[in-house]
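Visitor: have a look at this prediction, sequence included:
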Amino acid sequence: MLTQTSGTAQLGVLLEHFYYGQLFYQGRPQGELQLLASSPGVSSEQVEEALNASRIPPMPGVPNGSWALVRGKSLPFLLAQAQIGSKGQSMRHVILMSPEGLRGLGGNLTALSRLVEGQMPTYEHVGNTVPPLTFSPTPPSGDDQQRALLALLGAARDRMDVVEALLSALIQGVQIVVRGAPNDLGTRAGFIEGLLALLPPPARFGVTFATHTLPSTRVDAQVRFYTDEPLPQNALIYDWEKGQVDGKRTPDEYSKYIKSLLRLDLQMVVDQTLTLTPVAGWRLKRGEALAEALTYAARRMVVDAAVTNNQPIEAAEVARILAEDPTLDEATSAAYVRHLLAFALVLEEIEQTDLLSLVVRGKPALERVILQQMDDALGVGKADRVYRVLARWLSNPFGFSGMYWVEMTQKATIAYAEQLAQRRQIEALNAFLRHVRKNQWNIEVSGIIPQLIEVALPLASLNESLAANVFALGASALPGDRWRRFVTLKPLIEKLPEGLKRLAAYLNNDDRTIPPVGLMAQIATEFGEEWRPLMITRLIEAALLAERRDLIDAAALALLARAAPVDLGSQETTYLWIVRSLSDDATVQRLGPAAAHHLLRILLLRGRYDELAAGVMRQGRLIYPPDKQMQFANMLRALFHDTRIEVAAVAPALSALSTQGLKPLPLAMAYYGALEQHNWPPGLDEAATELTRLVFSNRLILEAIQFELIIELLDYHVRRRDENYIARVTSLIPAAAIRRGDSAIDALVRIYRSLDWSAEIKATGLDMLRRYIRLSGDSFAPKVIAQLKLDLGAEVSAALEATHIMRRLIGGEELADYAYSLHTTAKFLYDTGLTYTDRGNLPSVPSLMSDLDSLNGNLTDAERRAIANAILDVGRALVVLSDRHRRFHAKDTDEQIQTQLDGAGNVETIFDIFRVMAGYFGRGRRLSVRTDRLLTNHPLGDRAAPALMREVQQINRLLKTALRAFGEDEKIALTPAAIRGELESLWAVIALYERRTLVKDLAIDLQRIPELALMITEKADVRTLQDSGVAKRLDMNRQRPENTLEFYRFVHGYFKARVRGD
């Protein structure tokens, strides 16, 4: 659309254009209007859009026709000319204009009119190509603009109200309709050019116009010249012949401003429109409407004139312009600054100066203007106002900063204090020093506080409130040696609280009595919450400098710890010096655990983690001997629980303790305290994981930590649904819950209910309850199960009932240990039982005696008695177990046995339980009890006497425990499913390699024991085990045993006979 032909727009741009009209051949116009010719850069879409937007009629009787500058939809601007050619052909010439080209003209329509053609070319055919137009946009000179203004005034008959109305409509976007104007194209264009000259150049390029239109003409132009009626509505109508305006009028501030200039001088109008160029351009670029931008520009000129000429103007408006307007030059900005500051100092409205610090900061020339004005104000006695303004600025983090501002503030502070002291205005001086004390770090006057104290000290001895104020000022700024002397300054102390007088006596060693507890804490508190942190710091410092450590107690250190989060300004170094001075071995021992604990809190709050770790180790060594390690651990838990630190600080603090070699138990409790303090947040996941590792890797921790702490750890992992950690932590809970007693049951119920999102995790919860029941006593377990049935339902209680029964059955042993006892029992029954299955080859008495004699050596009488009693008890237990089984199963069937191995059917006896257990471990396979073992006449095999004793005692315990598990007439309330569920729980805690060793023996032994027991007791005479004639002969080893039970009696008699003294 627009292409520069050289480096600048003024040297020429190329404009795309096209001709639209009738063909001319055979000496006359032919056909309809159509595209005749176009430059190479014009597209068919652009032609269509341009024709729709530029439908202007030619002006009759005017050779060069009519002319219009209009907007398109996608094309910014179009310059159109409509003409009736000399041969009668209808023609339109449309040039695609760009905003840059129009902006370069600056409203110079005279230069733009050079694109108007006196006579357009004729074409005999379509599809012609024409070169782009070369155009040099030239802005108007000052003289050109004055001529345009004169032309406008002439057309308006020099009526300023008419010009104001026309300019207002132009600015406010109201359409201007001009009627009755001369037909001359130059006259009409000059009228528009004069209106444009009243606008700043950046606002001129967007004004559209049409030099000739009809009521039916549909064209988007703000200024339209009309020929016929009716006139449009909502437009400003200017009657050229009458010189009058009518229709829609809109008031406008900029138009009023320009009218006032027109009355004075045309050159002034030209100059002001140029001056307003950057202001108006800035506002337009911000997206403001033309009216708003020009209204602001006009107001800016008024304000500029007022502040430059020291005329009254609203300070708020001056401040706003100074803050917002980037077009202010340095000289005008300085005038604005002087106006605002003078206004604030005179009227004491210092809030009006807030923007000064934000706008002027970083501009050295303007800062110098303010500093000089402040210095001048100090010279005429306005120290109070200067101080308030400077204090307000320096307290603002975005305000002034730097050496010159600090010096000026200090100068104003001292000047104001001296002024008040000279006038003996004690209350005002007290209020002023209170303000200085409160804001000293913001306004950076701490360096002159000693001077302020000197100014105020003579009056401080007359007033208690001022004395306290001066004392607090001294605490905030005096160095250690001067502060030590200042604390005991008698004229000042006389006006201060009694406690401070007594402290001074101790510091001067005038009072040698034992200091009262809490003296320094009391004094610091009397100075109020705001100054308490600084005061306790400086008082402890004074005590240390005076070598009176006996004044420092737990109450003082508690206040010192509360001061840890506070920014103490210049006393930060003093604060840490105090903590380090109190951390030596002797002082820590003197302070004791309560006071020394505060030193650790301070180091934790201050982020001194290496020093914290060293302090913890020191206190652990000095205050907490080995027998107080639990107190030490609880102290660390309390330290981290009660001390609020950021989540990000927890890891480095705990890491420092670990690096120093803190033992696992106190370290774990420190982890607990930190996690509890922050309610176990996601940001401390690594800390929670490390705590879990610590707990599981150190048995001492498991035994020492409270039930509630394990619950906290579990709750954390439950929230995260860390199923692996949940399984590990729940394994710790039963033992801790047992130590807690009845009160743990509610927590167990809550935990179980929380483990509900999957079948696997529910099983974990149930397994936790099973372990709890296994650890519960026989009398306590039924009560627990009954309570859990109420809380968790019958299904859970049934599983726990099975746990309790199975625990009684196996005597509370671990399953692996029970498996060893089962194997011992099965092997003994196997060896002794199968020997007597072959009735034709029974061992003889001499053979048995020979075997027993070989066992008898090296046994004590107690061991012989133990074997004699135990083996007889084994036989009796086998008889009772077998008899109870035969009450329900007169004869076992293969189908019944296989059903139980498959985990189904009824469970009515102990042997039934064994078979269900065997089926679990053998996966339902029935295994042969009898093997191809070579039968011998040696039922005890190669057992040694000690081994025999251990075996029969172990077997006796297993069988009697099984019998005690159920009363003689008690119905067994177990199902195969409940037994298998309990076995699953017991089996899961055994290591995989050990399971592989045990599983085969369990599957065989649990099937062998019932079958061998029933075989041994089948058709046996139970009188053998009583005091019968047969029993006596067997006891005397004179009769050959005919079955296994008789063999047990034979062995019983053998060992009993060899017990000396029986």
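Guide: Happy to help now that I have it. Numbering: from 1, shown residues only.
Visitor: quick one: pLDDT of Q4?
Guide: With respect to pLDDT, Q4 has a value of 35.
Visitor: actually L347, not the one I wrote
Guide: 62.
Visitor: repeat that for Y609.
Guide: With respect to pLDDT, Y609 has a value of 91.
Visitor: can you pull the contacts of the nearest residue to it once chain neighbours are set aside?
Guide: In this structure, Y609 finds its nearest non-sequential neighbour in A656, 3.8 Å apart by Cβ to Cβ, 6 or more residues apart in numbering. C-beta: built from backbone N, CA, C; applies to glycine. By Cβ atoms under 8 Å, 6 or more residues apart in numbering, the residues touching A656 are Y609, D610, L612, A613.
Visitor: which element is A656 on?
Guide: Following DSSP states H and E, the helix or strand that holds A656 is helix 647-659.
Visitor: list the contacts of whichever helix or strand comes after that helix.
Guide: Downstream of helix 647-659, the first helix or strand assigned by DSSP H and E is helix 664-677. Residues from elsewhere that reach helix 664-677, judged by Cβ under 8 Å, 6+ apart: 616, 620, 629-630, 632-634, 636-645, 650, 653-654, 657-658, 662, 684, 687-688, 690-691, 694-695, 697-698, 700-701, 704-705, 709, 712, 716.
Visitor: give me the ChimeraX select line for the residues you listed, limited to the buried ones.
Guide: Per 16 or more other Cβ atoms under 10 Å, the buried members of the contacts of helix 664-677 correspond to this ChimeraX selection:
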select :616,620,629,632,633,634,636,637,639,640,641,643,645,650,653,654,657,662,684,687,688,690,691,694,695,698,701,704,705,709,712,716
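Visitor: in this protein, where's the longest helix?
Guide: Secondary structure of the chain read by DSSP state H shows that its longest helix is helix 861-888.
Visitor: buried sites along the helix or strand just after that one?
Guide: Once helix 861-888 ends, the next helix or strand along the chain (criterion: DSSP H and E) is helix 894-901. Within helix 894-901, the residues that count as buried by 16+ other Cβ under 10 Å are I897, Q898, T899, Q900, L901.
Visitor: over to stretch 504-522?
Guide: In stretch 504-522, counting by 16+ other Cβ under 10 Å, buried: A504, A505, Y506, L507, P515, G518, L519, M520, A521, Q522.
Visitor: equivalent analysis for stretch 333-347, please.
Guide: Buried residues in stretch 333-347, counted by 16+ other Cβ under 10 Å: S333, A334, A335, Y336, V337, R338, H339, L340, L341, F343, A344, L345.
Visitor: sitting in helices, which of these do you find?
Guide: Those of those lying in helices (DSSP H): S333, A334, A335, Y336, V337, R338, H339, L340, L341, F343, A344, L345.
Visitor: A965: which of those is nearest?
Guide: A344 (96.9 Å; Cβ to Cβ).
Visitor: just the pLDDT at that closest one, thanks.
Guide: On the pLDDT scale, A344 is placed at 71.
Visitor: thought it was touching V389?
Guide: Yes: checked against Cβ atoms under 8 Å, the pair A344 and V389 is within contact range at 6.4 Å.
Visitor: and Q30, that one's in a strand?
Guide: Yes: if the criterion is DSSP: H, G, I helix; E, B strand; the rest coil, then Q30 is within a strand.
Visitor: F24 is in contact with that one, correct?
Guide: Yes: if you go by Cβ under 8 Å, Q30 and F24 touch, sitting 6.9 Å apart.
Visitor: these two: who's more crowded?
Guide: A direct count of neighbours by other Cβ atoms under 10 Å for Q30 and F24 places F24 higher, at 19 against 11.
Visitor: wait, a strand at that one?
Guide: Yes: per three-state DSSP, F24 lies within a strand segment.
Visitor: bridging residues for it?
Guide: P29 (DSSP bridges).
Visitor: kindly provide the distance from it to D838.
Guide: Distance, F24 to D838, using Cβ to Cβ, to the nearest Å: 142 Å.
Visitor: ok, H597 next?
Guide: Taking Cβ to Cβ, one finds H597 at 82 Å from D838.
Visitor: repeat for R299
Guide: Using Cβ to Cβ, we find R299 at a distance of 129 Å from D838.
Visitor: of those two, give the one with the bigger neighbour count.
Guide: When R299 and D838 are compared for neighbours, R299 comes out ahead with 16 against 10, by other Cβ under 10 Å.
Visitor: so what's that one closest to, chain neighbours aside?
Guide: Nearest residue to R299, sequence neighbours excluded (Cβ to Cβ, 6+ apart): E253, at 6.9 Å.
Visitor: ditto for L366
Guide: Nearest non-adjacent residue to L366, counting by Cβ to Cβ, 6+ apart: V360, 4.4 Å away.
Visitor: which ones are touching the one you found?
Guide: Applying Cβ under 8 Å, 6+ apart, we find V360 in contact with V337, L366, E367, I370, F400.
Visitor: could I get the pLDDT score of it?
Guide: V360 is assigned 78 on the pLDDT scale.
Visitor: phi, psi for it please.
Guide: V360 adopts backbone torsions of phi -90, psi -20, taken as degrees, to the nearest 10.
Visitor: who's in contact with E541?
Guide: Here E541 is in contact with G480, W483, T574, W577, I578 (criterion: Cβ under 8 Å, 6+ apart).
Visitor: redo those residues as a markdown table? Include secondary structure.
Guide: Putting the contacts of E541 into a markdown table (three-state DSSP) gives the following:
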| residue | secondary structure |
| --- | --- |
| G480 | helix |
| W483 | helix |
| T574 | helix |
| W577 | helix |
| I578 | helix |
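Visitor: return a ChimeraX selection command for the buried portion of the residues you listed.
Guide: Remark: buried members of the contacts of E541, expressed as a ChimeraX selection using 16+ other Cβ under 10 Å:
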select :483,574,578
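Visitor: okay if I get the buried residues of stretch 504-522 as TSV plus pLDDT, secondary structure and distance to R114?
Guide: Formatted as TSV, those follow (pLDDT from 0 to 100; DSSP: H, G, I helix; E, B strand; the rest coil; distance: Cβ to Cβ, whole Å):
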residue	pLDDT	secondary structure	distance to R114
A504	87	helix	98
A505	86	helix	103
Y506	88	helix	102
L507	86	helix	98
P515	90	coil	103
G518	90	coil	98
L519	92	helix	99
M520	91	helix	94
A521	92	helix	94
Q522	92	helix	96
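Visitor: roughly how far does D851 sit from T1024?
Guide: D851 sits 20 Å away from T1024, going by Cβ to Cβ.
Visitor: between those two, which one's more packed in?
Guide: Each of D851 and T1024 has its neighbours counted (other Cβ under 10 Å); T1024 has more, 23 against 19.
Visitor: picking that back up, keep only those of the contacts of V360 that are in helices.
Guide: V337, L366, E367, I370.
Visitor: is it correct that the last one is in contact with L356?
Guide: Meaning I370. Yes: contact status for I370 versus L356: in contact at 6.8 Å, counting by Cβ under 8 Å.
Visitor: shared neighbours, the two?
Guide: Common neighbours of I370 and L356 (Cβ under 8 Å, 6+ apart) are V337, L341.
Visitor: tell me which helix or strand A558 sits in.
Guide: Assigned by DSSP H and E, A558 belongs to helix 554-562.
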